[in-house]
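In: predicted model and sequence follow; I will ask about them next.
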Amino acid sequence: MNDHDEIMNDASNGSNTPQTINNNTDNDDEIIDETEFIDLTTAVEIPISDDVEPIESDDDDDNAPTNDDEDTPMDNDVDKNNDDSNVSPPDATTTANEEDTSQIQISCHSDAVYSLAYEPSLKLIVSGGGDDCAFLSSLSSLSSVSAGTPPTSRRLEREWKDTVSCLKFNSHCGEPLSKKMLAVGCYDGSIVVFDETGTEVLAELEGPSDVEWIDWHPKGGSVLLAGSTDGTIWMYHLTTTTATTPLPHKVLQVFVGHQNDVTCGGFTPDGKFVLSGGADATIRIWAPKTGACKATLSHRDTDNFGSSPSVGAGVTCCAMKGQVCLAGTEDGEVLVVGTGSANRKILGRLRHGPEGSSVESVAFFDGGDAGGYDRWCASGGSDGTVKIWDLGSESCRHVCGAAGGSVVTRLFWHPTFPMIVSGSGDGGVRFWDARSGVLLESLKGKGETINDLVVDWGNGDGNAVVVTACEDGVVRVWEVDVGGLIRSVAGE
């Protein structure tokens, strides 16, 4: 089936659950009322009411400038080989150890912790785990971390039936933000929306068979996106201008086209489109208002728009900046993808690791163009290395760590300085100077795999709070003098 053409209309009967459309009828308007599940081979469109306008028009602006020289870092579809001449020398920190240097250990969970969310203004840590629970821990202040003062922790009042897989506050979203909320996704298919303190349940959303990831729309924070292993992506709208609870909510759209797990995705930074990556080796770009698939980019297709999604390795992770997306794959590549209406194609391929290795995390530096770092990005993989890339010159600048080390699971850039933090399978958190590849600081977490990582940078030149979700069921917290690290490499 051609995913570009199979967008069917009039698929809603007013319910929050879209109906299945019969592909075998000549009448496109015919609906099979008896079916209660979604046919994953058919794209579904749900009309949006006129009174709901959280999403801008998704019409392509064919006259928009392509900005090839400014916004598009690569314009040729070629593999970029590793340049191991800039490999940082191995050090003792690349070896797993049992030492734990964290100042605070939060041991609420009885199984592995898989997901984290952090609310900086309230100093709230939310963790989700394999024990089917979510806990909220409140730090009294940054100084309480260095003092080792245990936070106040409590379980969120909800009985989940499977792993709590993803968490996200909407406090980062732009105006107008009428209500701050926390979304909690679970492998039981539920999404529970709480107030920002995790005290009150504002809405319970259903639809996916399970929830892999969630993302809030960047403008207003009232539209929520959820990706599932059933190949679907669900988009919900919550009416936040009312004081009643539960909040009125509806399904705005269900995007159908992936042939397998939707492993990563989110709204584009301008909020105009939805991007998703899947285990079917495709990256897809969707129009939120119509549900149309604007582009299907297959990992191994030379023409970028192939019809064989089974070809190539699955997409594992993604990150977006402007009109460019990075997508890591199961076979050790990083795809550089154009997302703008005039340039939707695979712009380049960066070879992170050897065949058989995977890319587990990707991230853009987003600290402005001072120093020429605006086109820098990073990838972390199962080969144990962090690689710093310059998309302007299409080259690998540095390899941080030694090949054969523990898998790099998470990456987090400093907001203004070219320094990147990595979390690893050996429990270590490492601060790297991206300009030189030099290790600046190493935090040790008892050798336990880091499944998630968040960093509160504070004002950027003082102390930062680092939080990790670990395989042993512990949430670990450090306070790090980031300002001191920056001054040390600046020669001050």
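Out: Received the coordinates, thanks. Residues are numbered from 1 along each chain as shown.

In: for the helix or strand hosting H237, give the mean pLDDT please.
Out: If you go by DSSP states H and E, H237 is part of strand 232-238. Strand 232-238 shows a mean pLDDT of 97 in the predicted model.

In: low-scoring stretches of the stretch 251-400 of the chain, by residue?
Out: Along the stretch 251-400 of the chain, segments meeting pLDDT under 70 span 300-311, 369-370.

In: centre of the chain to the strand holding H237, how far?
Out: In terms of C-alpha atoms, centre = their mean, to the nearest Å, the centre of strand 232-238 is found 16 Å from the chain centre.

In: and the next element down the chain from it?
Out: strand 249-256.

In: how far away from the center of its chain is that following strand?
Out: With C-alpha atoms, centre = their mean, you get 20 Å for strand 249-256.

In: before we move on, back to that, what strands line up against the strand holding H237, and which way round?
Out: strand 223-227 (antiparallel), strand 249-256 (antiparallel) (DSSP bridges).

In: need the ones you listed in JSON lines with mean neighbour count and distance to A134, can you?
Out: Yep, even glycine has a C-beta here, placed from its N, CA and C like the rest. Formatted as JSON lines, the strands paired with strand 232-238 follow (neighbours: other C-beta atoms under 10 Å; distance: least, C-beta to C-beta, whole Å):
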{"stretch": "strand 223-227", "mean neighbour count": "26", "distance to A134": "16"}
{"stretch": "strand 249-256", "mean neighbour count": "22", "distance to A134": "20"}
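
In: make a markdown table from those strands and add distance to K345 to it.
Out: Formatted as a markdown table, these follow (distance: least, C-beta to C-beta, whole Å):
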| stretch | distance to K345 |
| --- | --- |
| strand 223-227 | 22 |
| strand 249-256 | 20 |
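
In: is it true that V145 touches R476?
Out: No: under the criterion of C-beta atoms under 8 Å, V145 makes no contact with R476, lying 10.7 Å away.

In: does D383 touch G332 like I think?
Out: Yes: at 7.4 Å, D383 counts as touching G332 under the criterion of C-beta under 8 Å.

In: now for the two: what residues contact both?
Out: Counting by C-beta atoms under 8 Å, 6 or more residues apart in numbering, the common neighbours of D383 and G332 are 352-354, 357.

In: which residue sits closest to V421, ignoring its sequence neighbours?
Out: Nearest-residue entry for V421: F412, 4.4 Å, with adjacent residues in sequence omitted and distances by C-beta to C-beta, 6 or more residues apart in numbering.

In: that neighbour in helix, strand or coil?
Out: strand (DSSP: H, G, I helix; E, B strand; the rest coil).

In: tell me the contacts of it?
Out: Applying C-beta under 8 Å, 6+ apart to F412 gives the contacts 363, 420-423, 453-455.

In: switch those residues over to a markdown table; also include distance to I486.
Out: Below are the contacts of F412 laid out as a markdown table (distance: C-beta to C-beta, whole Å):
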| residue | distance to I486 |
| --- | --- |
| A363 | 19 |
| I420 | 13 |
| V421 | 13 |
| S422 | 17 |
| G423 | 20 |
| L453 | 20 |
| V454 | 20 |
| V455 | 14 |
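
In: report the two of the residues you listed separated the most.
Out: Spatial extent of the contacts of F412 (C-beta to C-beta) is set by the pair I420 and V454 at 14.2 Å.

In: looking at these two, which is more packed in?
Out: Neighbour totals were compared for I420 and V454, and I420 leads with 24 against 20 (other C-beta atoms under 10 Å).

In: show me the beta-bridge partners of that one.
Out: Beta-bridge partners recorded for I420 (DSSP bridges): W413, W432.

In: list the contacts of it.
Out: 363, 365, 378, 386, 388, 400, 411-414, 431-432, 434.

In: could you redo those residues as TSV and give each row distance to G227?
Out: Shown next, in TSV, are the contacts of I420 (distance: C-beta to C-beta, whole Å):
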residue	distance to G227
A363	19
F365	25
A378	23
V386	25
I388	28
C400	30
L411	20
F412	21
W413	23
H414	28
F431	31
W432	30
A434	29
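
In: does G380 really touch G353, like I thought?
Out: No: using C-beta under 8 Å, G380 is not in contact with G353; the gap is 9.9 Å.

In: shared neighbours of those two, anything?
Out: V359.

In: between these two, point out the one with more neighbours.
Out: Taking neighbours as other C-beta under 10 Å, G380 and G353 compare with G380 leading, 29 against 22.

In: ok, the more buried one - contacts?
Out: G380 makes contact with 359-362, 386-387, 408-411, 422, according to C-beta under 8 Å, 6+ apart.

In: buried ones among those residues?
Out: Buried members of those, counted by 16 or more other C-beta atoms under 10 Å: 359-362, 386-387, 408-411, 422.

In: which positions in the helix ranked longest in the chain come out as buried?
Out: For the chain, the helix that runs over the most residues, judged by DSSP state H, is helix 482-490. By neighbour count on 16+ other C-beta under 10 Å, the buried set for helix 482-490 is 482-483, 485-486.

In: go on, stretch 371-381?
Out: Going by neighbour count (16+ other C-beta under 10 Å), the buried part of stretch 371-381 is 373-381.

In: okay, and which of those residues map to strands?
Out: The members of the buried residues of stretch 371-381 that map onto strands under DSSP state E are 376-381.

In: go through those residues and name the one nearest T239.
Out: So of those, ranked by how close each gets to T239 (C-beta to C-beta), first place is C377, at 37.3 Å.

In: touching, that closest one and S361? I think so.
Out: No: with contacts counted by C-beta under 8 Å, C377 stays clear of S361, the gap being 11.0 Å.

In: so what pLDDT did V223 get?
Out: Turning to V223, the model gives it a pLDDT of 96.

In: look up how far A319 lies from the nearest residue to it once chain neighbours are set aside.
Out: Sequence neighbours aside, H217 is the residue nearest to V223 in space, at 3.8 Å (criterion: C-beta to C-beta, 6+ apart). H217 is 17 Å from A319, where distance means C-beta to C-beta, to the nearest Å.

In: circling back: and which of the contacts of G380 is nearest S171?
Out: Closest to S171, out of all of the contacts of G380 and judged by C-beta to C-beta, is R410, at 20.4 Å.

In: residues in contact with the closest one?
Out: 360-361, 380, 422-423, 450, 452-453.

In: gap between the nearest residue to G128 once chain neighbours are set aside and D280?
Out: Take G128 and drop its neighbours on the chain: the residue closest to it by C-beta to C-beta, 6+ apart is V164, 2.9 Å away. From V164 across to D280, the span is 26 Å (C-beta to C-beta).

In: for the residue nearest to G128, list the residues it contacts.
Out: Listed by C-beta under 8 Å, 6+ apart, the contact set of V164 reads 114-115, 128-129, 132-134, 184-187.

In: give me the subset of these lying in helices.
Out: Among these, no member is found in helices (DSSP H).

In: spatially nearest residue to T241, not counting backbone neighbours?
Out: In space, and not counting its chain neighbours, T241 is closest to S178: 5.7 Å by C-beta to C-beta, 6+ apart.

In: now do S138
Out: Using C-beta to C-beta, 6+ apart and skipping the chain neighbours, the partner closest in space to S138 is T152 (4.8 Å).

In: residues in contact with that neighbour?
Out: Here T152 is in contact with 137-138, 140 (criterion: C-beta under 8 Å, 6+ apart).

In: buried subset of these?
Out: The neighbour count (16+ other C-beta under 10 Å) marks 137-138 as buried among the contacts of T152.

In: adding distance to V192 and secondary structure, write the contacts of T152 out as TSV.
Out: Output for the contacts of T152, formatted as TSV (distance: C-beta to C-beta, whole Å; DSSP: H, G, I helix; E, B strand; the rest coil):
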residue	distance to V192	secondary structure
S137	18	strand
S138	19	strand
S140	26	coil
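
In: thanks a lot, catch you later.
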